[in-house]
Structure formats: structure tokens, C-alpha cells
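In: generate a structure from the sequence data that follows.
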Amino acid sequence: MRRIFVLLLPVAFFFGSCYSFKDVSIPPEVKTARVNYIENRASYVNPQLSPQLTERLRQKINNQTRLTLITSEEADYDIHGEIRGYNLSTSGVSDQRAASNRLQITVHIVFKNRLDDKASFEADVSRSFDFNSTISLQQAEQQQGEEILRNLTDEIFNRIFSNW
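Out: The predicted model follows:
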């Protein structure tokens with residue numbers, strides 16, 4: 001038993017060092033953030049998505065960071081976003097008919113770090129949501145609305161605040 005432990009210990013250290021997860025990474029000098037309204041510029045506009053996504057991101061930053069949310073242009077972190085893609089496609093076929101559809105939502109994020117311009121970036125964040133083709137897009141939006149908001153908010157938050 002002792003030999004197995006001695007042999008497995010280096011393997012455990014090797015694999016343990018392969019992954020490094022960090023939580024929210026905010027330098028101590030950063031105190032404030034501003035989340036601007038996330039505009040919807042997609043060809044199809046879900047009128048509820050922009051205000052709900054903006055509010056969810058503000059709540060997540062308020063609840064999971066020490067940052068103070070402000071509306072002033074003097075914020076240390078300035079976050080802009082716009083929904084650029086709201087695309088529907090067939091994701092599964094059965095008996096030569098669509099069996100499932102996929103809604104892919106893309107949000108373009110512009111992150112400005114006023115204290116360290118090198119940390120500023122622009123990036124697209126996308127998430128896909130599959131649903132049965134027997135229901136309409138509006139029904140799918142109602143059924144998966146909470147999941148859509150949660151997943152998009154998490155993706156945006158992680159892209160801004162996590163180092164992984």
C-alpha cells in the first residue's frame with residue numbers, strides 16, 4: 001500500500017499542476033465599475049434581453065466583487081456591450097425534418113481598465129441554446145429565459161474578471 005502511494009504521489013502533483021483556477025481577479029487599487037446598457041443590435045431583437053442582461057451583470061458584479069458600481073465616466077472599470085448575434089439554426093434532423101433548433105447569442109464586450117490600459121480588451125462572448133423544433137422561438141425564449149440570462153452573464157463576468 002505504501003508503494004502505491006509513493007508511486008501515485010508524483011502523478012498527483014503533475015496533474016495537479018496542469019490546471020490553475022483563479023477566482024475573481026481584481027487589483028486592490030480598483031474600486032469602481034460602470035456597466036453601461038447592453039444595446040441589442042442583432043438582426044432579431046428580443047426586447048427583454050438587453051435590459052435583463054444589463055441588470056444581471058450589474059447584480060453579479062455587485063454581489064460577487066468588492067467593486068462599487070457607479071454611473072460616472074470616472075469608473076476604474078468601464079464595461080460596454082452589445083448583442084450582435086441572435087441566430088436560429090437547425091441543430092438536429094430526424095426523418096429528414098428538423099428535430100431540434102439552436103439559438104446562438106453573441107455579445108460583443110468592450111472592457112476598459114482606466115488604471116491599466118494594457119488590460120483593456122474587446123471580445124465576443126457566445127452561447128448556444130438548443131430546443132425542440134416543435135416549439136416556437138418565443139416559447140423557447142420563455143422556457144429557457146433564465147438559463148440564457150444566467151449563462152450569458154456568467155460568460156461575460158468570467159471573461160472580464162477571471163484569469164482562466
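In: pLDDT weak spots in the chain?
Out: Residues of the chain meeting the criterion pLDDT under 70: 1-23, 92-98, 163-164.
In: could you redo the last one with a cut-off of 80?
Out: Within the chain, the stretches with pLDDT under 80 are 1-25, 91-99, 163-164.
In: ranges for the strands of it?
Out: Remark: strands assigned in the chain by DSSP state E are 32-35, 39-40, 68-69, 77-94, 97-113, 121-132.
In: mean neighbour count added to those strands, as CSV?
Out: Where C-beta positions appear, they are placed from N, C-alpha and C, glycine not excepted. CSV is the format used below for these (neighbours: other C-beta atoms under 10 Å):
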stretch, mean neighbour count
strand 32-35, 21
strand 39-40, 17
strand 68-69, 14
strand 77-94, 16
strand 97-113, 17
strand 121-132, 14
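In: export those to TSV and tack on distance to residue 53?
Out: Listed next are these as TSV, based on distance: least, C-beta to C-beta, whole Å:
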stretch	distance to residue 53
strand 32-35	10
strand 39-40	9
strand 68-69	15
strand 77-94	8
strand 97-113	7
strand 121-132	11
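In: out of the ones you listed, the one nearest residue 142 is which?
Out: Nearest of these to residue 142, taken as C-beta to C-beta: strand 121-132 at 10.5 Å.
In: relative to strand 77-94, how tilted is the closest one?
Out: 30 degrees (axes from the mean of the first three to the mean of the last three C-alpha atoms, to 10 degrees).
In: packing partners for strand 121-132?
Out: strand 77-94, strand 97-113, helix 137-161 (3 or more C-beta pairs under 8 Å, 6 or more residues apart in numbering; DSSP states H and E).
In: turn the ones you listed into a markdown table, including distance to residue 50.
Out: As requested, these are exported to a markdown table (distance: least, C-beta to C-beta, whole Å):
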| stretch | distance to residue 50 |
| --- | --- |
| strand 77-94 | 6 |
| strand 97-113 | 10 |
| helix 137-161 | 11 |
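In: and these: which comes nearest residue 48?
Out: With C-beta to C-beta as the measure, helix 137-161 is the member of those nearest residue 48 (7.7 Å).
In: list the buried residues of that closest one.
Out: Going by neighbour count (16 or more other C-beta atoms under 10 Å), the buried part of helix 137-161 is 140-141, 144, 148-149, 151-157, 160-161.
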